[in-house]
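1. pasting the structure only:
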């Protein structure tokens, strides 16, 4: 078995195929990581969420990291890590088009509203105002586990 | 659908059943998240890794977060988040017993040596010195998505 670095194009293809990842953010030098559903449009990773810890933290510190993996046969895998910046997409006239764009991308994905849209005790996602946000792709890298050793 | 907070006992049961999670760490107010294989012994989450970014970062800032999920039928899920502290388990006489304990726990798990043990270009995990570390469980919380709305 060997591992190779993926090209940026290959990394972006993994992001485009996927719709589930893990988002990490930071507050007071402490990390927090949660699963997310997302949609990727080549420039931004769009996520829908109800208010909560990750939103509070990223509003204060917009540095974010999203990791997405693909697993294949024989326990082979690809793992892509994005360094990005949080940007909220509030329902304003200025951001109307991007918000609709994000919404349309997310609606194409099954389960796009989970798990971020559910919060304990609410019973229903309709009872709270959803938050849209984008994570820009400032840096991207990936590794692939190969069945054969990678060339040195 | 509804979401409920899990009890600490339920959270620990998810950790004990699982062996794959996502580890987040922090450097210079930036987060980093990668998949890990782990073993849990009620006090610590043990991980095996080759040297790399997550090790470098946690040696400087030991704050860590591990998230583990279980998915079930009908897209139901449980997600557990651990706030913890990194502690390296070097091969010293003082730490010998804990290191052997961690090793034996990890060896019981399939694929415990992946993906952390593989690094680009090495071709084989045998060519670099493995690092054992423990993440203490300083705080734990979890949420479960229910098919029915949670009682308010």
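-> Right, received. Where do you want to start? All values derive from a computational prediction rather than experimental measurement. Numbering: from 1, shown residues only, chains lettered A, B, ... in the order given.
2. near chain B at all, the helix ranked longest in chain A?
-> The residue-count maximum for a helix in chain A (DSSP state H) belongs to helix A:96-107. No - Helix A:96-107 is not in contact with chain B by CB under 8 Å from any CB of the partner chain; minimum separation 15.9 Å. (Each C-beta comes from the backbone N, C-alpha and C, glycine too.)
3. Against which helices or strands is that helix packed?
-> Identification of packing neighbours for helix A:96-107 by 3 or more CB pairs under 8 Å, 6 or more residues apart in numbering or on different chains; DSSP states H and E yields strand A:30-40, strand A:44-49, strand A:131-136.
4. For the ones you listed, could you give me JSON lines that also reports mean neighbour count and distance to chain B?
-> Shown next, in JSON lines, are those (neighbours: other CB atoms under 10 Å in any protein chain shown; distance: least, CB to the nearest CB, whole Å):
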{"stretch": "strand A:30-40", "mean neighbour count": "23", "distance to chain B": "4"}
{"stretch": "strand A:44-49", "mean neighbour count": "23", "distance to chain B": "13"}
{"stretch": "strand A:131-136", "mean neighbour count": "22", "distance to chain B": "11"}
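5. What is the least confident helix or strand in chain A?
-> Within chain A, no helix or strand scores below helix A:96-107, which has a mean of 85 by mean pLDDT, DSSP states H and E.
6. Strand A:30-40 and that one, what's the angle between them?
-> 90 degrees (axes from the mean of the first three to the mean of the last three CA atoms, to 10 degrees).
7. who touches helix A:96-107?
-> Here helix A:96-107 makes contact (CB atoms under 8 Å, 6 or more residues apart in numbering or on different chains) with A:37-41, A:44, A:46, A:48, A:89-91, A:112-113, A:132, A:134.
8. Go again with 7 Å.
-> By CB atoms under 7 Å, 6 or more residues apart in numbering or on different chains, the residues outside helix A:96-107 that reach it are A:39, A:41, A:46, A:48, A:89, A:91, A:112, A:132, A:134.
9. Which two among these are spaced furthest apart?
-> A:41 and A:91 (19.1 Å; CB to CB).
10. And those two? Which one has more around it.
-> A side-by-side neighbour count of residue A:41 and residue A:91, using other CB atoms under 10 Å in any protein chain shown, places residue A:41 first with 15 against 11.
11. Backbone torsions only: list them for the more buried one.
-> phi -120, psi 30 (degrees, to the nearest 10).
12. any idea how far residue A:134 is from it?
-> 9 Å (CB to CB, to the nearest Å).
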